[in-house]
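1. I'd like to go over a predicted model; first the sequence, then the structure.
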Amino acid sequence: MDVTTLVFFALGFLLLTGGADVLVRGSAELAEHLGISRLIVGLTIVAFGTSAPELAVNLQAAFLDKPELALGNVVGSNILNILLVLGVAAIIIPLTVHKRLIKLEIPMMIGVSFFLLFLSFDGMLTRWDGLLLSCGIVLYTIFAVKGAREEKDKDAKSDNSHLLKQIGLILVGLFLLVLGSKWLVDGAIMMAHYFGISELVIGLTIVSIGTSLPELATVIIGSLRGEKDLVIGNVVGSNLFNILLVLGFTSLISPLAVPQTAIYFDMPVMIAVAMLCLPILFSGYIIDRWEGGLFLAYYVAYTLYLFLNATQHVWLSNYTTLMIWFVIPLTILILTISIIWQKPTETK
């Protein structure tokens with residue numbers, strides 16, 4: 001592996017992050033002028049903007065006939081968005097959750113994850129599957145726009161003097177994302193071949209982290225500024241966009257072969273992580289700092305398992321036994337106690 005590979009891989013990360021930041025900033029400013037609530041902004045425009053790296057990477061992977069990288073990128077990003085991104089945000093400041101998310105978007109996220117697993121059981125995401133997923137994002141967008149109109153602020157800004165600037169930011173962000181995705185995918189494939197690691201694992205870890213950096217940056221800034229609705233809306237909306245838009249559009253262009261390990265391990269982990277949100281959010285409609293720490297610990301544990309499994313390390317069997325018979329039951333016990341002892345509070 002030469003230095004050029006590492007340089008292009010690093011530049012891909014930088015362009016993806018910078019491009020997403022510009023895209024999100026322009027989109028958010030545009031939404032504010034339309035008077036849309038912060039939650040709707042997070043669920044739609046910001047979620048689409050921060051999912052753009054996954055879309056760009058997946059399209060590039062599809063054209064290069066790398067289905068494992070495309071699938072691993074989405075599944076890994078969805079796992080990372082909840083465990084790492086929400087975990088970091090909750091550690092910075094406890095997150096109060098809007099009731100709409102618990103009633104609508106989070107159950108929708110869980111249902112969509114199950115639907116993806118169902119479509120994958122035949123070992124392929126066909127163009128028909130892609131059409132179904134793509135129709136799902138169209139329906140959700142219509143639903144979200146309708147909600148935005150109902151919540152529209154009558155006192156919204158009417159000054160359109162910065163409209164061209166905002167559109168320009170969006171276009172520049174998209175250009176940087178496309179270029180960054182190409183360099184990132186090329187570098188990831190070369191690294192996978194050099195180290196003998198499967199492209200699925202590379203997609204689940206390195207690429208998914210790279211394409212989730214915009215979400216991470218957004219929630220850190222949002223948490224520091226107290227924009228809690230934007231933070232959680234961004235994560236949940238991004239997970240919906242990743243499955244429905246990113247995988248849907250990718251499989252529409254090029255059918256994706258689904259490896260058995262994704263069907264019987266990675267997708268169930270993604271579903272379990274999504275379902276983990278419900279008991280935590282119902283315990284007072286708040287993600288506390290210790291729960292954010294729990295999310296982070298699980299992400300570290302999941303990533304460690306991927307590398308132990310990829311290298312068939314001698315510790316793999318003992319590590320798996322520890323997770324199944326000790327860590328997971330202990331987590332269920334802790335969450336059960338937290339729900340019993342903490343009464344739900346009213347949220348907006």
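-> The structure has been received and is ready for your questions.
2. every contact and neighbour count from this point should use C-alpha atoms.
-> Noted.
3. low-scoring stretches of the stretch 151-300 of the chain, by residue?
-> Filtered on pLDDT under 70, the stretch 151-300 of the chain yields the residue ranges 151-162, 199-200, 203-205, 208, 211, 213, 227, 279-284.
4. could you pull out the helices for it?
-> Using DSSP state H, counting those that start in this stretch, the helices of the stretch 151-300 of the chain run over residues 163-195, 199-202, 208-224, 228-241, 248-253, 260-261, 267-282, 289-311.
5. most tightly packed of the ones you listed?
-> With neighbours taken as mean count of other CA atoms under 10 Å, those reach their highest mean count in helix 228-241, at a mean of 28.
6. which residues are contacting that one?
-> 38-44, 46-48, 50-51, 77-78, 81-82, 85-86, 89, 95-98, 101, 105-106, 109, 112, 137, 215, 218-219, 222-223 (CA atoms under 8 Å, 6 or more residues apart in numbering).
7. helix or strand for the residue nearest the centre of the chain, which one?
-> By CA atoms, centre = their mean, the chain has its centre lying nearest to Asn78, at 3.8 Å. Using DSSP states H and E, Asn78 falls within helix 67-80.
8. and the contacts of that helix?
-> Under CA under 8 Å, 6+ apart, the answer for helix 67-80 is 54, 57-59, 61-62, 199-205, 207-209, 211-212, 238-239, 242-243, 246-247, 256-259, 262, 266-267, 269-270, 273-274, 299.
9. give me the angle between it and helix 267-282.
-> 20 degrees (axes from the mean of the first three to the mean of the last three CA atoms, to 10 degrees).
10. next SSE after helix 67-80?
-> helix 87-92.
11. tell me the mean pLDDT for that next one?
-> Averaging pLDDT along helix 87-92 gives 88.
12. against which helices or strands is it packed?
-> If contacts are counted by 3 or more CA pairs under 8 Å, 6 or more residues apart in numbering; DSSP states H and E, helix 87-92 sits against helix 208-224, helix 289-311.
13. got those as a markdown table, with distance to Lys182 columns?
-> Listed next are the helices and strands packed on helix 87-92 as a markdown table, based on distance: least, CA to CA, whole Å:
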| stretch | distance to Lys182 |
| --- | --- |
| helix 208-224 | 12 |
| helix 289-311 | 24 |
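14. just to revisit the earlier point, any idea how far the residue nearest to the centre of the chain is from Leu247?
-> Plainly put, Asn78 is 12 Å away from Leu247 if you go by CA to CA, to the nearest Å.
15. likewise for Gly42?
-> Counting by CA to CA - Gly42 and Leu247 are separated by 20 Å.
16. tell me the contacts of Leu163?
-> Leu30.
17. also the one 5 residues further on?
-> The neighbours of Gly168, taking CA under 8 Å, 6+ apart as the test, are Gly26.
18. closest one to Leu252 among the helices and strands packed on helix 87-92?
-> helix 208-224 (21.0 Å; CA to CA).
19. now the element after the helix or strand hosting Gly111, going C-ward?
-> Gly111 belongs to helix 106-120 when assigned by DSSP H and E. Beyond helix 106-120 on the C-terminal side, the first helix or strand identified by DSSP H and E is strand 124-125.
20. contacting residues around that next one?
-> Leu119, Ser251, Pro255, Leu256, Ala257, Val258.
21. just give the nearest non-adjacent residue to the second one, would you?
-> Spatially, and ignoring its direct neighbours in sequence, Ser251 is nearest to Gly130 (4.9 Å; CA to CA, 6 or more residues apart in numbering).
22. same check on the fifth one?
-> Leaving aside its sequence neighbours, Ala257 sits nearest to Met124 (CA to CA, 6+ apart; 4.5 Å).
23. could you measure from the one you found over to Val246?
-> 16 Å.
24. so for the two, which sits in the more crowded spot?
-> Applying other CA atoms under 10 Å to Met124 and Val246 shows that Val246 carries more neighbours, namely 32 against 16.
25. for the residue nearest to that one when sequence neighbours are not counted, give me its contacts.
-> Leaving aside its chain neighbours, Val246 sits nearest to Leu55 (4.9 Å; criterion: CA to CA, 6+ apart). Applying CA under 8 Å, 6+ apart, we find Leu55 in contact with Asn242, Leu245, Val246, Leu247, Thr250.
26. same question, Val178
-> Leu16, Pro53, Ala56, Val57 are the contacts of Val178 under CA under 8 Å, 6+ apart.
27. please redo it, this time with the cut-off set to 7 Å
-> Ala56 (CA atoms under 7 Å, 6 or more residues apart in numbering).
28. let me know whether Leu23 touches Ile170 as I believe.
-> Yes. When contacts are counted by CA atoms under 7 Å, Leu23 is listed as touching Ile170 (4.5 Å).
29. my guess is Leu95 meets Arg289, correct?
-> No. Counting by CA under 7 Å, Leu95 does not reach Arg289; the two are 8.6 Å apart.
30. hang on, the earlier thing: and the contacts of Leu55, which two are furthest apart?
-> Most distant of the contacts of Leu55, by CA to CA, are Asn242 and Thr250, 10.4 Å apart.
31. please enumerate the shared neighbours of the two.
-> What both Asn242 and Thr250 touch, as defined by CA under 7 Å, 6+ apart, is an empty set.
32. who are the packing partners of the host helix or strand of Leu30?
-> In the assignment (DSSP H and E), Leu30 maps to helix 3-33. Helices and strands touching helix 3-33, by 3 or more CA pairs under 7 Å, 6 or more residues apart in numbering; DSSP states H and E, are helix 47-63, helix 163-195, helix 208-224.
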